[in-house]
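J.: predicted coordinates and the sequence they were generated for:
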Amino acid sequence: MEKRRLESGGLPPGWKREEVVRKSGLSSGRTDVYYLSPDGRKIRSKPQLSRILGDSIDLSAFDFRTGRINHSQLRKRIRHDSSLVLPIRQTASIFKQPVTVIRNRPESKTKTDLKHGPQDPPRQLFWEKRLQGLQACDNSDDIIKALDLPRNVQGVGPELTTENILQSISAALHLSNSPVVGQNNNRATVSKNPGVNIDATQPHIQQMIVSDDDIRRQEVKVMEARKKLQEAMKEMVSVL
């Protein structure tokens with residue numbers, strides 16, 4: 001065997017690197033690498049070297065075969081080392097703490113100054129379209145047919161069905177505190193860019209005006225429905 005002892009640039013002073021070249025056998029020509037500690041111990045593997053050095057030196061980028069530091073691997077490790085990320089504030093946001101507001105200019109405004117009333121989360125447009133394909137049934141599993149919309153009720157939005165329009169009107173009546181008047185923009189404007197022109201607080205119908213004649217006709221229908229209900233209740237009482 002041929003032995004050569006060299007200085008190890010990647011280890012502390014006093015450490016030696018030994019190369020042993022095999023001269024015979026099937027592994028002839030192969031080189032074995034060992035390290036000699038300052039106190040004469042022979043190190044045969046990187047894990048053994050790591051146990052001896054402990055935390056005194058970082059061997060993550062150390063090449064055991066060449067005895068050098070792999071700088072490309074070291075740069076890659078530094079780039080992804082979370083310990084080198086800029087420090088961030090660890091105070092939990094749920095604990096409200098007083099702060100001092102310093103204004104550089106009199107016209108400067110803080111975030112609270114720009115906030116006008118409670119900020120509601122954004123509403124999803126055309127959420128009614130997720131209900132497509134679902135049909136309501138009565139107790140006998142018969143499908144309940146959708147109501148027919150008046151001619152002056154025109155939907156505004158991409159590919160809205162009659163059911164979608166009715167769902168939109170029902171949601172506006174139950175959830176909105178403002179009058180239900182429909183969309184201010186016409187169908188042509190909305191078709192170009194619905195996400196910009198749609199008012200999320202109003203149903204997806206064209207703006208319509210209810211006249212006094214419409215109110216009177218509706219009152220007549222309500223009175224007729226009440227009379228039919230009274231007659232039906234009288235018949236039930238007589239049967240019982």
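T.: Thanks, I have the structure now. Note that the coordinates shown come from a computational prediction; the quantities given were computed from them, not determined experimentally.
J.: ok, residue 15 touching residue 39?
T.: No. Taking Cβ atoms under 8 Å as the contact criterion, residue 15 and residue 39 are not neighbours in contact, 10.5 Å apart. For every residue, glycine as well, the C-beta is placed using N, CA and C.
J.: the helices in this protein, which residues?
T.: Along the chain, counting by DSSP state H, helices occupy 46-53, 71-79, 111-114, 162-175, 187-192, 194-197, 212-239.
J.: of the ones you listed, which stretch is the most buried?
T.: Highest mean neighbour count among the helices of the chain (mean count of other Cβ atoms under 10 Å): helix 162-175, with a mean of 16.
J.: what sits up against that one?
T.: By Cβ atoms under 8 Å, 6 or more residues apart in numbering, the surrounding residues in contact with helix 162-175 are 126, 128-129, 131-132, 146-149, 153, 155, 157, 160, 180, 201-205.
J.: give me the more crowded residue out of residue 15 and residue 39.
T.: For residue 15 versus residue 39, the count of surrounding residues by other Cβ atoms under 10 Å is larger for residue 15: 18 against 7.
J.: against residue 8, how distant is that one?
T.: When distance is defined by Cβ to Cβ, to the nearest Å, residue 15 is 5 Å away from residue 8.
J.: any common contacting residues for these two?
T.: Taking Cβ under 8 Å, 6+ apart as the contact rule, the neighbours common to residue 15 and residue 8 are residue 35.
J.: any low-confidence regions in this structure?
T.: Scanning the chain for pLDDT under 70 picks out the ranges 1-2, 71-102, 109-121.
J.: mind putting the helices of the chain into TSV with distance to residue 59?
T.: Compiled in TSV, the helices of the chain are given as follows (distance: least, Cβ to Cβ, whole Å):
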stretch	distance to residue 59
helix 46-53	5
helix 71-79	11
helix 111-114	49
helix 162-175	64
helix 187-192	64
helix 194-197	56
helix 212-239	86
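J.: domain parsing for the protein?
T.: Residue ranges for the domains of the chain, per automatic domain parsing: 2-79, 147-233.
J.: distance of the nearest residue in space to residue 69 that is not next to it in sequence relative to residue 135?
T.: Sequence neighbours aside, residue 10 is the residue nearest to residue 69 in space, at 4.8 Å (criterion: Cβ to Cβ, 6 or more residues apart in numbering). Distance, residue 10 to residue 135, using Cβ to Cβ: 74 Å.
J.: more crowded one of those two?
T.: For residue 10 versus residue 135, the count of surrounding residues by other Cβ under 10 Å is larger for residue 10: 17 against 11.
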